[in-house]
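> what's the 3D shape of this:
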Amino acid sequence: MASFEALYGRRCRSPIGWFDSAEMDSLDADLLRDVMEQVHLTFEEEPIDILDRHVRKLRTKEIASVKVQWKYRSVEEATWETESDMSARYPHIFEAPHKMNTFINIEEFKKKVIFVMGATGTGKSRLSVDLATHFRGEIINSDKMQVYKGLEIVTNKITHTEKQGVRHYLLGEIEPDSDFTAEDFCLQAIIYIEKILKTQRVPIIVGGSNSYIEKHVEDHVFMFKYKYDSCFIWIDVEQSVLNRKVDMRVDQMVKAGLVDEVRQIFIPDADYTKGIRRSIGVPEMDRYLREETNIDGDDESKKIILQALISSIKRNTRMLICNQLDKIQRLISEKMWSVHHIIATDVFKEDRKEDLDEAWTNIVLLPCLDIVKRFLKNDHHNIIIECT
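Numbers count the residues shown, from 1 in each chain. Here you go, the predicted model:
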């Protein structure tokens with residue numbers, strides 16, 4: 001008698017799976033019903049999710065089996081059980097809210113999450129706020145430096161005015177000397193996603209730290225792909241244009257007080273491998289802050305050293321952009337992520353604010369509103385689509 005696993009390559013602990021197809025055909029309807037009614041699970045643990053469903057045809061009958069994940073067991077240890085027995089013993093797993101996670105091959109039953117990706121300086125924060133105000137969204141920051149408290153100028157955190165009243169999570173929440181890992185981000189992000197969904201709002205994850213996003217989506221421990229449907233939007237700007245923009249932004253940051261901000265947290269022999277001190281602009285300023293007392297009164301020497309360090313900040317920011325773009329390309333080519341590619345180069349060629357705002361609306365915002373509206377159209381979790 002062939003096992004269900006031998007026939008189908010699936011583990012099964014229900015007696016109905018112990019018969020091969022020929023033996024099933026020889027059973028009459030009454031016997032088949034008796035066998036099914038006497039099914040007893042041999043794996044007495046609490047089921048927490050249905051991961052997949054398979055239907056076998058037996059003459060005029062169909063026997064459905066479901067792949068069950070059990071509490072305290074990994075996804076790899078999920079077992080195949082008869083659906084009728086599972087629904088009789090554990091009806092709650094087939095009802096809301098679990099129903100939204102059932103049969104993961106049906107995309108419309110997943111909870112929906114929006115990701116805004118792109119290199120530094122491309123307008124991710126602006127787009128995320130625009131989307132949040134149009135679709136009742138709330139934002140989860142995924143920039144690995146902006147999660148920390150402090151250094152608002154260095155980390156280029158979105159300002160209170162720019163937030164436009166939209167709630168942001170993981171923005172300036174973590175102690176600056178903490179080592180906030182990708183795993184920490186994933187655990188916290190899941191909590192915030194569920195919190196946002198419970199208020200019938202749309203979770204929008206935004207940031208340039210693609211390693212956080214990849215860990216969040218791909219790591220099977222967090223089961224993100226099984227439970228959530230993702231919409232990835234990538235804002236892209238031609239690199240030569242973007243380089244000029246970030247150079248200007250660094251100059252603006254220096255004028256806004258970058259040096260004094262870094263001076264406030266400066267400690268000789270500080271560890272620049274963890275926490276907020278990894279931010280571009282902090283290690284570079286180390287030399288200047290060490291030497292400024294030795295060259296007190298020599299303004300020309302200070303100016304020369306400072307200009308050299310500002311150039312270093314610009315150079316390292318450009319290298320960051322290259323790494324961010326390479327990572328996004330790899331997620332598309334190797335991980336097969338389906339990404340909406342928005343090319344915003346022409347927006348940043350405009351000099352006048354009025355022209356820039358108009359270009360932003362036409363080139364970036366309107367296409368993204370259409371993308372997100374279509375993504376949320378078939379939502380089954382009472383998210384209210386509101387365009388304002």
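> And the helices in the stretch 151-300 of the chain, which stretches?
160-163, 182-198, 210-218, 224-227, 239-256, 258-265, 282-291, 299-333 (DSSP state H, counting those that start in this stretch).
> So which of these is nearest Asp357?
helix 160-163 (13.6 Å; CB to CB). Heads up, the C-betas are built off the backbone N, CA and C, glycines and all.
> Centre of the chain to the closest one, how far?
Averaging C-alpha positions (CA atoms, centre = their mean, to the nearest Å) puts helix 160-163 22 Å from its chain's average.
> Kindly export it (C-alpha atoms) in PDB.
Provided in PDB are the C-alpha atoms of helix 160-163 (Å, rounded to 0.1, in the frame of the first residue of the first chain):
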ATOM      1  CA  HIS A 160       7.300  67.600  11.300                       C
ATOM      2  CA  THR A 161       6.000  69.900   8.500                       C
ATOM      3  CA  GLU A 162       6.800  67.400   5.800                       C
ATOM      4  CA  LYS A 163       4.900  64.600   7.600                       C
END
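> by contact count, what packs against that helix?
helix 124-134 (3 or more CB pairs under 8 Å, 6 or more residues apart in numbering; DSSP states H and E).
> buried ones in the helix it packs on?
Neighbour counts using 16 or more other CB atoms under 10 Å place Lys124, Ser125, Arg126, Leu127, Ser128, Val129, Asp130, Leu131, Ala132, His134 of helix 124-134 among the buried residues.
> Kindly reformat the helices of the stretch 151-300 of the chain as TSV containing mean neighbour count and mean pLDDT.
Below are the helices of the stretch 151-300 of the chain laid out as TSV (neighbours: other CB atoms under 10 Å; pLDDT from 0 to 100):
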stretch	mean neighbour count	mean pLDDT
helix 160-163	11	96
helix 182-198	17	95
helix 210-218	20	94
helix 224-227	17	88
helix 239-256	15	95
helix 258-265	16	94
helix 282-291	18	88
helix 299-333	15	93
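> Quick check: which of those helices is nearest to Val68?
helix 224-227 (12.7 Å).
> low pLDDT regions in the chain?
1-44, 57-61, 95-109, 296-297, 378-388 (pLDDT under 70).
> distance of Ile63 from Phe135?
From Ile63 across to Phe135, the span is 42 Å (CB to CB, to the nearest Å).
> typo on my end, it should be Ser240
33 Å.
> How about Leu289?
On the measure of CB to CB, Leu289 and Phe135 end up 44 Å apart.
> higher neighbour count, Ile63 and Phe135?
Phe135 (22 against 19; other CB atoms under 10 Å).
> The more buried one against Leu376, yeah?
Yes - between Phe135 and Leu376 there is a contact at 6.6 Å, judged by CB atoms under 8 Å.
> What backbone torsions are found at Val116?
phi -110, psi 120 (degrees, to the nearest 10).
> That should have said Asn141, apologies.
Taking degrees, to the nearest 10 as the convention, Asn141 sits at phi -80, psi 130.
> for it, what are its contacts?
Val147, His168, Tyr169, Leu170, Leu171, Val206, Gly207 (CB atoms under 8 Å, 6 or more residues apart in numbering).
> Count the neighbours of the closest residue in space to Gly150 that isn't next to it in sequence for me.
Distances taken as CB to CB, 6 or more residues apart in numbering put Pro176 closest to Gly150, at 5.2 Å, once the chain neighbours are dropped. Counted with other CB under 10 Å, the neighbours of Pro176 add up to 18.
> try the one 3 residues further on
The local packing of Asp179 (other CB under 10 Å) involves 12 other residues.
> so how far is Arg53 from Asp229?
18 Å.
> How about Trp80?
10 Å.
> anything in contact with each of these two?
By CB under 8 Å, 6+ apart, the residues touching both Trp80 and Arg53 are Ser65, Val66, Lys67.
> Mind putting those into a markdown table with secondary structure, neighbour count and distance to Asp355?
What follows is the shared contacts of Trp80 and Arg53, written out as a markdown table (DSSP: H, G, I helix; E, B strand; the rest coil; neighbours: other CB atoms under 10 Å; distance: CB to CB, whole Å):
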| residue | secondary structure | neighbour count | distance to Asp355 |
| --- | --- | --- | --- |
| Ser65 | strand | 25 | 61 |
| Val66 | strand | 24 | 57 |
| Lys67 | strand | 20 | 55 |
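> Next up, the contacts around the spatially closest residue to Phe232 that is not a sequence neighbour.
Nearest residue to Phe232 in three dimensions, chain neighbours excluded: Val339, at 4.4 Å (CB to CB, 6+ apart). Listed by CB under 8 Å, 6+ apart, the contact set of Val339 reads Met117, Phe232, Ile233, Trp234, Ile328, Leu331, Ile332.
> buried residues in the longest strand belonging to the chain?
Scanning the chain for the longest strand, with DSSP state E as the assignment, gives strand 47-58. Within strand 47-58, the residues that count as buried by 16+ other CB under 10 Å are Pro47, Asp49, Ile50, Leu51, Asp52, Arg53, Arg56.
> ok, Arg278 - how many residues close by?
If we define neighbours as other CB under 10 Å, then Arg278 has 15 of them.
> Quick check: it vs Pro176, distance?
10 Å.
> and what of Arg330?
30 Å.
> Also Trp360?
For Trp360, the distance to Pro176 - CB to CB - is 33 Å.
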